[in-house]
Every structure is written in structure tokens, then in C-alpha cells.
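**Q** no letters, just coordinates:
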């Protein structure tokens, strides 16, 4: 039986659902991307190299009004009344190290550090770097060694004494070259690079300060805060010990210091593993490694700080899950507290002299159990140290779009299809014909 013409869909009716769907999807996309389109600089970066390029000083000043005339003027950065994070980057006398100091009011002239280069060369803590107004919060981090260990048990963990240590490269004994990229009249990202380049092993440590929070486009897609300094370790052509084993991997020695004394109070620093639900760049990693530093009760307007990293490292410059492995410590904890542990002689050891509250060490192992990756030619790993709360990962735009298309589009199709079916059947009943299903 031939159906009457009134029961057929018109060209207009057939084109309506796709246009409706397209409009809805465009609206959803605009709503989700709009926060990203409104990103602007939250801080002003003022940086300089001091003492024959042996020390980089980077002042990150909070902007009360990023659109004000002062925000475009680097010379007026000290008078805008925001808070201040000062970073000191150096490899003087040590491995590349970093100390961060916080002042609640950047307009205070006492926040500008006085640097005595002669005293710095002598490591005279009383005169090398001084403030008229003491920072209300300080912390520091040093990557002081690279460890080659035998992963014969295929655990991917450096766990002495049960794990054989093949070699230890003391980074504090190497000669480093430093370079700083300083922004010019605009609040651009500032980087400092310390490099050790030899005939065999090459090591680069890069420090990055950014004026706005953003997500790094390369895996592991770190969320980098404007209140933090990003540290990236890059190792290539490491000289492995031939007489040890062909199943060796690398670990890094980390020293983290809480400079909010003056009374030493051990066990202030505790590792945790907060959940991370952004899996766009690292689909197998659902947590962060994080150390929270409590405020200093003895300093006015003190705040808290953090050290954090995504527990993954890469063994190829291509950076993908295929060449990624865990970056972790034994039981996700620091090494047992040792009262004899100290900061290596460095700029952090000068700045934290007399106010060291807690200090902990950790060995970060790079490798996954039974991954079969030994003696990697390349190692890339990153972490962040900052002021305030560590940035947390939310569901990314890509994941939201996938969920929207996965659940939203079928729902829209179901609703639109139900509406079309309802009107077709109603029209068929009014025409006097019986619809054939």
C-alpha cells in the first residue's frame, strides 16, 4: 500500500534536526571554551642575573588590576601593592637549586633583596642575600644526584640496600653553565637554564615562571600555576656502568627544605597522593604526588606552600605513554627522617640559614615494573614548587567534549526523533489514514 503524501517528511523537517544539533553543539563548545578565552596575565615578572650570571633573581608580583596602566610598566611593578614571590635560581657551589620567598606586600621596599656578590662567593650566610623585611614564607628544593641502580628484580624502584647501587653522579660536584631569558616590557614567561654538557653525560635543569596559570601542551600536560616555579630535568647520553648490569635504570636524589623556623620541627612535610581526573595527556595516571608545607606561625601573614609532580617520566623526547614510566618513591613517602641531613652548600642553604624548620630527602625512581626499559638514552621529568595551594586537575575540555558527544548527541537525537515521530503520527491521524509501522 502506498502511503499518502501527508505522512512523508518535508525537506524542511528533514534538515531541522541537524541544524538544531549543530547549534546546540556550538553553544556547548563556546560555553566550555569561554574561560580559556578570558585568560590574562595575573602577575608581573621582573628578572635579572646577578653576580656574573651565577644567580638569577625573579620577582613575580601580583597584579591587583591586570588591565591598569601600571601593569604595562615594568618600572612601576614594585608599587602596585600586590603580593610578591621571589625566586632565587643558582648552581653556585652546588647542583642547580631553587629557593622561593613570599612577601604579602610587594610595595614594601624591604622586600627587595640586597645581594653581596663577594659574600655570596664566600658563602657568608649573614651577608650574601639579605632582606629589610623578612619573608613570611620560604622553601627550597635541590636535585643533588643521579643514581644508577640495577633493576634485576623488575620492580622499577630504587630501594637500598635491597637494590644494588651501580653508580652515583654527584650533581653538586659538576661545573654548570647558566642562562636566563628575561621578558622585555611584557609579562612573558621567564626561564633559567643550567646545563652540564660533557663528552658523555648531558644534564639540563630548566626553571620556569609564568605570569598566568596554564596547561603545558606537551605530555604530561602539567597544570602550571602562576604562584609556582616549574622545574624540568633533562638527561641524555648518561654514562652507564658497564661492569654493573645491563638491567639498570635511573633515579634522582631530591632534597626539599621548609624554611619557616627558626625552631627545627621535624615531620612537617608529608607526602600525599591527591586524585587527578584529567587523563587527556597521561591516560594511565590518576593522581599527583604532593607535599604541603604548613604556614609559619612565627612570621606575620604567613601562607603555606607545596611541592608536586605528576608521577610519570619519559625516556624519549617524543613524550608519549609508550615511552612513559612511573616517577615514584618507596611507599610514596620521603626517606626516613635523618637529623644529619642538610642542604648542600648552595643559595638555598644561605637563605634558609637560621630558619630551617624541616628537611627531607627522597629518591625518585624512574621506571615501571616489568616494563623492559633499561639504560634509557633520555630521561625527562618535571615538578613544581610554589606558594599557596597546589593546582588541581579538573576534567579537561577534550574529555568534556567526548562526554558531551558520547552522551549528549544520542540524547538529542532521541528527543528530536521522538518529537518527529509524535508529529508524524498526529498528522497521520488527522488525515484519516492509518499509518503503516
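**A** All right, it came through fine. Since the structure is predicted, the reported quantities are computational estimates derived from the model, not experimental observations.
**Q** need the next SSE after the worst-scoring helix or strand of the chain on mean pLDDT, C-terminal direction.
**A** None of the helices or strands of the chain scores lower by mean pLDDT, DSSP states H and E than helix 11-37, at a mean of 40. Following helix 11-37 in sequence order, the next helix or strand is strand 43-50 (DSSP states H and E).
**Q** domain-wise, how is this structure divided?
**A** 5-38+398-430, 139-394 (automatic domain parsing).
**Q** which of the ones you listed has the lowest average pLDDT?
**A** Among these, domain 5-38+398-430 has the lowest mean pLDDT, at a mean of 55.
**Q** where do the strands sit along the stretch 201-350 of the chain?
**A** Using DSSP state E, counting those that start in this stretch, the strands of the stretch 201-350 of the chain run over 202-209, 214-215, 223-224, 228-236, 248-258, 270-272, 289-293, 305-309, 312-314, 324-328.
**Q** could you export those as CSV, including mean neighbour count and distance to residue 178?
**A** For every residue, glycine as well, the C-beta is placed using N, CA and C. CSV is the format used below for the strands of the stretch 201-350 of the chain (neighbours: other C-beta atoms under 10 Å; distance: least, C-beta to C-beta, whole Å):
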stretch, mean neighbour count, distance to residue 178
strand 202-209, 21, 10
strand 214-215, 16, 25
strand 223-224, 22, 21
strand 228-236, 22, 14
strand 248-258, 25, 19
strand 270-272, 15, 30
strand 289-293, 21, 26
strand 305-309, 24, 22
strand 312-314, 26, 24
strand 324-328, 23, 25
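**Q** let me have those strands in TSV, extended by distance to residue 170.
**A** Shown next, in TSV, are the strands of the stretch 201-350 of the chain (distance: least, C-beta to C-beta, whole Å):
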stretch	distance to residue 170
strand 202-209	12
strand 214-215	35
strand 223-224	29
strand 228-236	14
strand 248-258	9
strand 270-272	25
strand 289-293	24
strand 305-309	22
strand 312-314	21
strand 324-328	21
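**Q** out of these, nearest to residue 42?
**A** Closest approach to residue 42 among those (C-beta to C-beta): strand 214-215, 10.6 Å.
**Q** and the closest residue to residue 351 other than its chain neighbours, how far is that from residue 353?
**A** With C-beta to C-beta, 6 or more residues apart in numbering as the criterion, residue 351 has its nearest non-adjacent residue at 4.8 Å, and that residue is residue 99. Using C-beta to C-beta, to the nearest Å, residue 99 is found at 11 Å from residue 353.
**Q** compare neighbour counts for these two and give me the winner.
**A** residue 99 (28 against 18; other C-beta atoms under 10 Å).
**Q** what's around residue 268, how many residues?
**A** 18.
**Q** who are the neighbours in contact with it?
**A** Going by C-beta atoms under 8 Å, 6 or more residues apart in numbering, residue 268 touches 258, 293, 294, 357, 358.
**Q** tell me the one of these nearest residue 103?
**A** Closest to residue 103 out of those is residue 293 (16.4 Å), distances taken as C-beta to C-beta.
**Q** hey, what's that closest one bridged with?
**A** Under DSSP bridges, the beta-bridge partners of residue 293 are residue 305.
**Q** likewise for residue 150?
**A** Residues in beta-bridge contact with residue 150 (DSSP bridges): residue 248.
**Q** thought it was touching residue 241?
**A** No: using C-beta atoms under 8 Å, residue 150 is not in contact with residue 241; the gap is 9.4 Å.
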